[in-house]
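Peer 1: What would the 3D arrangement of this be:
(one chain, ligands or ions: 2)
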Amino acid sequence: MDKNILLVGCGNMGFAMLQGWLSLDDAPRVRVVEPAQGLRGRLADLPVEVHAHPDEFPAGYEADIVVFAIKPQLFADVLPAYSSRVGEGAVFLSVAAGVTSEAIAALLGGKPAIVRCMPNTPAAIGQGVMAVYANARVTPEQIDAAKVLLGSCGMVVEVEEEGLMDAVTAVSGSGPAYVFNFIEALARAGEKAGLPADLSARMALKTVEGAARLATQAEDDPATLRRKVTSPGGTTAAALAVLMADDGLSPLLEKAVGAARDRSVELGRTN
Ligand SMILES: NC(=O)C1=CN([C@@H]2O[C@H](COP(=O)(O)OP(=O)(O)OC[C@H]3O[C@@H](n4cnc5c(N)ncnc54)[C@H](OP(=O)(O)O)[C@@H]3O)[C@@H](O)[C@H]2O)C=CC1
Ligand SMILES: O=C(O)[C@@H]1CCC=N1
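Peer 2: Numbers count the residues shown, from 1 in each chain. Ligands and ions are numbered 1, 2, ... in the order given. All right, here's what the predicted structure looks like:
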């Protein structure tokens, strides 16, 4: 795509998205600002320009899309420096949890076009969920360009109501961590049941991968697929009696997702 992308912050999420962008056949021109030397080092072999600070930009540099992938707590300090460093018609894209488009606009001054995106780290391999919300200043061309960029990282879904971004964050933004924790827990449980640690870890991982792929490819919904594993009076039924009890997995996940959503709202209030 014929665009100048400026990535501010190349930590876990920024780097994951960058890998998606660079996988495009017509990858955009990317400039990165990242103060951490170690993180800049891993960009050395990639076709991107890297800076520790925006003062290092060449004269006249203008970005079409500025992506903020820094922690929400840094927005107030970092954003104002970027309001004057972009071209006419630039769009600002924030991946921060909680921080509202109104708060971002206030930090940038004027009436900027803002896209909020809630990505997740599977973006690194093109398997992310990239939820977007665009404020009223974003033109159809700008949202299309943002969607092409984000589409290189996975499935793009548009959210019409900004308030839903907190719930989105709690489900798909944080969600990979829940799945990784499930893999860890299943591996540990296998170990407790007598398996060697390494074997249990490999089996837990492949079981989650295989189940996710089957759920993606099969015509059956997850509940039907679950029933197909569950022989009457068998082993799965014994396990599901625990997992699907009143105090089982579902209420636990509701509590976890609720906690993440509340934290997202809180992060928004403090910015
Ligand atoms: N991690 C995830 O799975 C997801 C994260 N997000 C959002 O992404 C954002 C980043 O999170 P994450 O990647 O996990 O955090 P990281 O801490 O891994 O990355 C943020 C990076 O920004 C750098 N940074 C600090 N100050 C500046 C600055 N002035 N200019 C440019 N870069 C700077 C940090 O450097 P240093 O370490 O030296 O401070 C760090 O490398 C957050 O807003 C988060 O809500 C959204 C969805 C998923
Ligand atoms: O933990 C966080 O706050 C960020 C947002 C979603 C995933 N990571």
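Peer 1: And for the longest strand belonging to the chain, what's in contact with it?
Peer 2: Looking across the chain with DSSP state E, the single longest strand is strand 86-94. The contact list for strand 86-94, computed with C-beta atoms under 8 Å, 6 or more residues apart in numbering, reads 6, 62-68, 75, 82, 101, 104, 108, 112-117, 138-139, 142, 145-146. No exception for glycine: its C-beta is placed from N, CA and C like everyone else's.
Peer 1: Which of the residues you listed fall within strands?
Peer 2: 6, 63, 64, 65, 66, 67, 68, 113, 114, 115, 116, 117.
Peer 1: Do a quick rundown of the strands in this structure.
Peer 2: Using DSSP E, the strands of the chain run over 4-8, 29-33, 49-51, 63-68, 86-94, 113-118, 128-134, 154-158.
Peer 1: Each with direction, which strands does the shortest one pair with?
Peer 2: Counting by DSSP bridges, the strands paired with strand 49-51 are strand 29-33 (parallel).
Peer 1: got it, and the fifth one?
Peer 2: For strand 86-94, sheet partners with direction are given as strand 63-68 (parallel), strand 113-118 (parallel), following DSSP bridges.
Peer 1: all helices of the stretch 101-250 of the chain, in order?
Peer 2: Applying DSSP state H, counting those that start in this stretch to the stretch 101-250 of the chain gives helices spanning 101-108, 140-151, 165-168, 175-192, 197-217, 222-229, 235-243, 249-269.
Peer 1: Quick check: closest non-adjacent residue to residue 52.
Peer 2: When the adjacent residues along the chain are set aside, residue 52 lies closest to residue 35, with 5.4 Å between them (C-beta to C-beta, 6 or more residues apart in numbering).
Peer 1: Run a quick neighbour tally on that neighbour.
Peer 2: Neighbourhood size, residue 35 [other C-beta atoms under 10 Å]: 13.
Peer 1: Same check on residue 86?
Peer 2: 20.
Peer 1: Repeat that for residue 194.
Peer 2: Using other C-beta under 10 Å, residue 194 has 7 other residues around it.
Peer 1: Could you do residue 162 as well?
Peer 2: Neighbours of residue 162 using other C-beta under 10 Å come to 15.
Peer 1: what does the stretch 51-200 of the chain put close to ligand 1?
Peer 2: Counting by C-beta under 6 Å from any ligand atom, the stretch 51-200 of the chain comes close to ligand 1 at 69-72, 74, 78, 95-97, 118-121, 173.
Peer 1: what does the domain assignment say about this protein?
Peer 2: For the chain, automatic domain parsing gives the domain ranges 4-170, 175-267.
Peer 1: So what does the residue nearest to residue 52 have for phi and psi?
Peer 2: Taking degrees, to the nearest 10, you get phi -70, psi -20 for the backbone angles of residue 35.
Peer 1: pretty sure it is in contact with residue 53, am I right?
Peer 2: Yes: at 7.0 Å, residue 35 counts as touching residue 53 under the criterion of C-beta atoms under 8 Å.
Peer 1: Tell me, what's the model's pLDDT at the residue in the chain positioned nearest to ligand 1?
Peer 2: Per C-beta to the nearest ligand atom, residue 11 is where the chain lies closest to ligand 1, at 1.8 Å. Here, the pLDDT recorded for residue 11 equals 97.
Peer 1: Distance-wise, check it relative to residue 181.
Peer 2: Distance from residue 11 to residue 181, counting by C-beta to C-beta, to the nearest Å: 20 Å.
Peer 1: try residue 253
Peer 2: From residue 253 over to residue 181 the distance is 11 Å, taken as C-beta to C-beta.
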